[in-house]
Structure formats: structure tokens, C-alpha cells
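Novice: For reference, the sequence and a predicted model appear below.
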Amino acid sequence: MYEIREYNEKDKDQVIKLWVDVCVEEHGFYEWKKDLLSFHEADYEKILVAVFENKVIGTMAYKKINNEIAELKRVYIYPNYRGQGISKKLYNAILDIIKENKYKKILVETWEQFESGRKFYEKNNFILQNVQGKVHNY
């Protein structure tokens with residue numbers, strides 16, 4: 001069974017590997033590799049990880065846009081762990097944190113290549129605003 005918990009510094013190498021594997025290797029965003037490798041925890045308000053047998057298998061984070069809007073970031077799960085409810089558990093946990101901090105909207109930017117991500121957002125009532133971004137009011 002996997003656990004959902006807050007990111008800690010010991011997770012850094014595994015988190016970077018996950019992000020590079022999903023974004024660069026799986027989806028071909030080679031231009032993102034430099035930014036992903038220079039990851040700084042301080043860029044996010046909160047980062048959650050899904051861990052199975054001491055391996056980070058998924059992440060979800062959020063960043064403050066302003067006092068009313070939080071942006072969901074780094075929603076990545078290794079392909080062989082998708083479809084098991086991990087994203088939903090990460091989302092519920094981070095949504096609770098976002099609500100506790102009194103945000104009124106959640107912004108998500110996604111790309112056409114991230115089909116599984118788009119499906120996840122739509123299943124969770126995000127509303128398509130334009131080709132690349134979505135906003136969710138709760």
C-alpha cells in the first residue's frame with residue numbers, strides 16, 4: 001500500500017527523477033529538463049508525495065498566485081501506478097490544505113500531451129478555460 005505525505009528533503013532526488021521521467025522521457029518536453037533538475041522546494045507552498053515501498057511514485061504541489069488563487073503544480077504519477085486512485089488521494093489531501101488557506105479558486109495549466117492529466121482534471125470538475133489552462137471554483 002502507498003502513503004500520501006508531505007515532501008521532505010530526502011525525497012528530492014526521487015521527485016526530480018519522477019518529474020524528468022514523466023515530462024521529458026514520457027512526453028518529450030526536453031526543454032523542461034534544465035528547470036526540472038534545478039528544483040527548489042521554496043517555489044511551492046506545499047508539495048505532497050505518494051510513496052510505495054520507499055519510492056516516490058507520484059507528486060502534487062501548489063503555488064500561491066494571489067490571496068484567492070492557488071495553482072496546482074507537478075501532478076505526476078509514474079505510468080504503472082496510474083488508475084489506482086493515487087492522484088485522487090493526492091488531490092483530496094492538497095485540496096484540504098488549499099481550503100484551509102482560504103483560496104477561492106484553483107488554476108491548473110496543462111498541455112495536450114498530458115492526456116491522463118486532462119482526464120483527471122475533467123473528472124474532478126475543472127472547467128476548460130482555453131487550450132492550455134483550466135480553472136476550478138469550489
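Specialist: Structure received.
Novice: Wait, a strand at residue 5?
Specialist: Yes: secondary structure of residue 5 (DSSP: H, G, I helix; E, B strand; the rest coil): part of a strand.
Novice: Beta-bridge partners for it, please?
Specialist: Beta bridges link residue 5 to residue 49, judged by DSSP bridges.
Novice: where do the strands sit along the protein?
Specialist: Ranges of strands in the chain, per DSSP state E, are 3-6, 46-52, 55-64, 69-77, 105-109, 127-128, 133-137.
Novice: Show me the one of these that comes nearest residue 21.
Specialist: Taking C-beta to C-beta, strand 69-77 is the member of the strands of the chain nearest to residue 21, at 8.4 Å. To be clear about C-beta, it is placed using only N, CA and C from the backbone, and glycine gets the same treatment.
Novice: That closest one: which residues count as buried?
Specialist: 70, 71, 72, 73, 74, 75, 76, 77 (16 or more other C-beta atoms under 10 Å).
Novice: can you redo the strands of the chain as a markdown table with distance to residue 95 and mean pLDDT?
Specialist: Shown next, in a markdown table, are the strands of the chain (distance: least, C-beta to C-beta, whole Å; pLDDT from 0 to 100):
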| stretch | distance to residue 95 | mean pLDDT |
| --- | --- | --- |
| strand 3-6 | 12 | 98 |
| strand 46-52 | 11 | 98 |
| strand 55-64 | 9 | 97 |
| strand 69-77 | 9 | 92 |
| strand 105-109 | 8 | 86 |
| strand 127-128 | 16 | 62 |
| strand 133-137 | 9 | 46 |
